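[1] structure for this input, please:
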Amino acid sequence: MNAIADSQSFLQAALLTRLSDRTARVGVIGLGYVGLPLARALVLKAGFPVLGFDTDPAKVERLNGGGSYIAHVSPDTVGAMREGERFSATADFARLNECDVVVICVPTPLTPQREPDLSYVTDTARAIARNGRPGQLVVLESTTYPGTTRDILAPLFREHDYRIDETLFLAFSPEREDPGNLQFETTTIPKIVGAEGPRGLELAAAFYRSVVAEVVPVSSSAVAEAVKITENIFRSVNIALVNELKVIFSAMDIDVWEVIEGAKTKPFGFMPFYPGPGLGGHCIPIDPFYLTWKAREYETPTRFIELAGEVNTAMPAYVVERLARTLDARFGRGLRDARILVLGVAYKKNVDDSRESPGLRLIELLEARGARVDYHDPHIPALPRTRRHPGLAGRPSVAPEPGFAGPYDAALVVTDHDGVDYADVVRACPLVVDTRNVCARLGLDAPNVVKA
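    Here you go, the predicted structure:
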């Protein structure tokens, strides 16, 4: 028994030493909007050698050539990471045994039935179990429902004869990336850490303290999972609230944006959220449904969460109907054969990420009603293939000439990127339907601008 305990203590102590002197090699699985910025911080901020894993050979080749496919991680940054062979990428998961720490940053989407799809997580865990070795720290960063690390990952590793918190240390630390936010980055956002056992917690906390300014340990992996999903549900519910208020106040001829600006002058008891054309990104449209699904196991209703989902999901249809009615009221025509310019298909301003963007759904709804739709987005030159909108894959962004010659019957502002000349849009288009209030913010109030 003492020999076993000594072995466990040795594995933990050896990894703590490698973390302290920055000789631990870190494997980052999934080199997307979460994994690549994390790898950047691990190499350039903490000084760890990093091996990145991805199943997409094109990404691997591009990174190893010093290129990038994410706007806020520049080729110059990748080049700096590559200096001295501190960072390389691979699609060979057999190389996981080279790593002391393995961080999982893979997608956690929904199925078409809006149930959790953990296949990327479980496939990755199996690859680690097959190719890893005793003494590794494995951290899941992908957002999921409470209990995933304990109930899904831990048993997978036990099937391969690992003893959790003895020969393999298992933790959960949710990503908190906010692409396009210049105020916060990976290293300045506090890091929640929970684990399956005290050794794993100590190791995970030591690992992240070398990278981020503040680490916040919690009592278990399930608590850490609940923290992340609570953050996103909080945002989803509050965005749904202001979206519903938008519809109500519009019927009363009251500008919801003016109402929010007034309300937020109260120095306590109010936090401003803003309406829009629907939810986008990988987190807010998806994560709440992970909890609603898990709650069924406990026969517990999730009325607020489900209602928020219904309200937010209905927003694209509301926007299309508002556009159609305004075209009819002002010009006596409907959407059939109308030329519509969609401005912005990224899910938020100044990023190159269109995952779950309401802009994609809006294009489909407009075309289903007979409109001829172009889109312009300075950050997304062509639409990527997505599971929900495969028919839009490859469609290019138009590059309107000065004056937005087309002509277009209407412009629909979906994403308020800074790199768009909205004054030109307002001058050129007979109708501008603004879902982001950008025209008013820029002082471009005009009779042809309608908020939606």
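[2] going by C-alpha atoms from here, please, whenever you check contacts or count neighbours.
    Noted.
[3] what's the local residue count around Pro275?
    Each residue near Pro275 was counted by other C-alpha atoms under 10 Å, and the total is 25.
[4] what of Leu15?
    Neighbourhood size, Leu15 [other C-alpha under 10 Å]: 21.
[5] next, it: secondary structure please.
    Here Leu15 takes the helix state, with states given by DSSP: H, G, I helix; E, B strand; the rest coil.
[6] equivalent analysis for Val103, please.
    Counting by three-state DSSP, the backbone at Val103 sits in strand.
[7] ok, residues contacting stretch 206-218?
    Contacts of stretch 206-218 from elsewhere in the structure, counted by C-alpha atoms under 8 Å, 6 or more residues apart in numbering, are 16, 19-20, 41-42, 45-46, 186-194, 201, 205, 224.
[8] could you redo the last one with a cut-off of 6 Å?
    Outside stretch 206-218, the residues within contact range by C-alpha atoms under 6 Å, 6 or more residues apart in numbering are Ala46, Thr187, Thr188, Pro190, Lys191, Ile192, Val193, Gly194.
[9] stretch 226-237 too?
    With contacts defined as C-alpha under 6 Å, 6+ apart, stretch 226-237 is touched by Pro146, Ile284, Pro288, Ala308.
[10] let's go with 7 Å and repeat that
    For stretch 226-237, contacts defined as C-alpha atoms under 7 Å, 6 or more residues apart in numbering pick out Thr143, Tyr145, Pro146, Pro174, Cys283, Ile284, Asp287, Pro288, Ile305, Ala308.
[11] among those residues, which are located in helices?
    When those are checked against helices using DSSP state H, the ones located there are Asp287, Pro288, Ile305, Ala308.
[12] show me where the stretch 351-452 of the chain has strands.
    In the stretch 351-452 of the chain, the strands defined using DSSP state E, counting those that start in this stretch lie at 372-376, 410-413, 432-434, 449-451.
[13] those: which one's closest to Leu327?
    strand 410-413 (8.2 Å; C-alpha to C-alpha).
[14] could you dump the closest one to PDB, C-alpha only?
    Coordinates of each C-alpha in strand 410-413 appear next as PDB, following Å, rounded to 0.1, in the frame of the first residue of the first chain:
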ATOM      1  CA  ALA A 410     -33.100  47.200 -48.700                       C
ATOM      2  CA  ALA A 411     -30.100  46.700 -46.500                       C
ATOM      3  CA  LEU A 412     -30.400  44.600 -43.400                       C
ATOM      4  CA  VAL A 413     -27.800  45.300 -40.700                       C
END
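[15] counting contacts, what elements does that strand pack onto?
    In terms of contacts (3 or more C-alpha pairs under 7 Å, 6 or more residues apart in numbering; DSSP states H and E), strand 410-413 is packed against strand 339-343, strand 432-434.
[16] for the longest one, buried residues please.
    Residues of strand 339-343 classed as buried under the neighbour-count rule (16 or more other C-alpha atoms under 10 Å) are Arg339, Ile340, Leu341, Val342, Leu343.
[17] kindly provide the distance from Gly332 to Ala338.
    In this view, Gly332 and Ala338 are 12 Å apart by C-alpha to C-alpha, to the nearest Å.
[18] compare the two (neighbour count), which wins?
    For Gly332 against Ala338, the residue with the higher neighbour count under other C-alpha under 10 Å is Ala338, and the figures read 20 against 9.
[19] which residues touch the more buried one?
    The contact partners of Ala338, taken as C-alpha under 7 Å, 6+ apart, are Ala371, Arg372, Asp409.
[20] the second one: how many residues sit nearby?
    The number of residues packed around Arg372, counting by other C-alpha under 10 Å, is 18.
[21] contacting residues for the closest residue to it other than its chain neighbours?
    Computed as C-alpha to C-alpha, 6 or more residues apart in numbering, the closest residue to Arg372 that is not its neighbour in sequence is Arg339, at 4.8 Å. Under the criterion of C-alpha under 7 Å, 6+ apart, the contact list for Arg339 reads Ala371, Arg372, Val373, Tyr408, Asp409, Ala410.
[22] distance of the residue nearest to Asn448 when sequence neighbours are not counted relative to Ala308?
    Beyond its immediate neighbours in the sequence, the residue positioned closest to Asn448 (C-alpha to C-alpha, 6+ apart) is Leu431, lying 4.9 Å away. Counting by C-alpha to C-alpha, the gap between Leu431 and Ala308 amounts to 30 Å.
[23] now do the SS call for the closest residue to Val121 other than its chain neighbours.
    Leaving aside its chain neighbours, Val121 sits nearest to Val106 (6.5 Å; criterion: C-alpha to C-alpha, 6+ apart). Classification of Val106 into helix, strand or coil gives coil, according to three-state DSSP.
[24] quick check: Val106 touching Glu141?
    No: the pair Val106 and Glu141 fails to qualify as a contact (C-alpha atoms under 7 Å) at a distance of 8.0 Å.
[25] tell me the contacts of the most centrally placed residue in the chain?
    The chain has His282 as the residue nearest its centroid, 3.7 Å off, counting by C-alpha atoms, centre = their mean. With contacts defined as C-alpha under 7 Å, 6+ apart, the neighbours of His282 are Arg355, Glu356.
[26] tell me the pLDDT at it?
    On pLDDT, His282 comes in at 77.
[27] so how far is Ala346 from it?
    When C-alpha to C-alpha is the yardstick, His282 and Ala346 sit 12 Å from each other.
[28] could you do Tyr290 as well?
    From Tyr290 over to Ala346 the distance is 23 Å, taken as C-alpha to C-alpha.
[29] compare those two (neighbour count), which wins?
    Remark: of Tyr290 and Ala346, Ala346 carries more neighbours, 28 against 21, as counted by other C-alpha under 10 Å.
[30] out of everything not next to it in sequence, what's closest to the more buried one?
    Ala346's closest residue in space is Ser354 (C-alpha to C-alpha, 6+ apart), at 4.2 Å.
[31] what about that neighbour, how many residues nearby?
    22.
[32] quick one: pLDDT of it?
    pLDDT, Ser354: 93.
[33] tell me which of the strands of the stretch 351-452 of the chain sits nearest to Pro316.
    Across those, the minimum distance to Pro316, taken as C-alpha to C-alpha, is reached by strand 410-413, at 11.4 Å.
[34] quick one: average pLDDT of that closest one?
    Average pLDDT, strand 410-413: 97.
[35] contact partners of that strand?
    Contact with strand 410-413 is made by 339-344, 429-436, as judged by C-alpha under 7 Å, 6+ apart.
[36] go on, stretch 65-77?
    Contacts of stretch 65-77 (C-alpha under 7 Å, 6+ apart): Pro37, Arg62, Val78, Gly79, Asp352.
[37] okay, buried residues for it please.
    Residues of stretch 65-77 classed as buried under the neighbour-count rule (16+ other C-alpha under 10 Å) are Gly66, Gly67, Ser68, Tyr69, Ile70, His72, Pro75.
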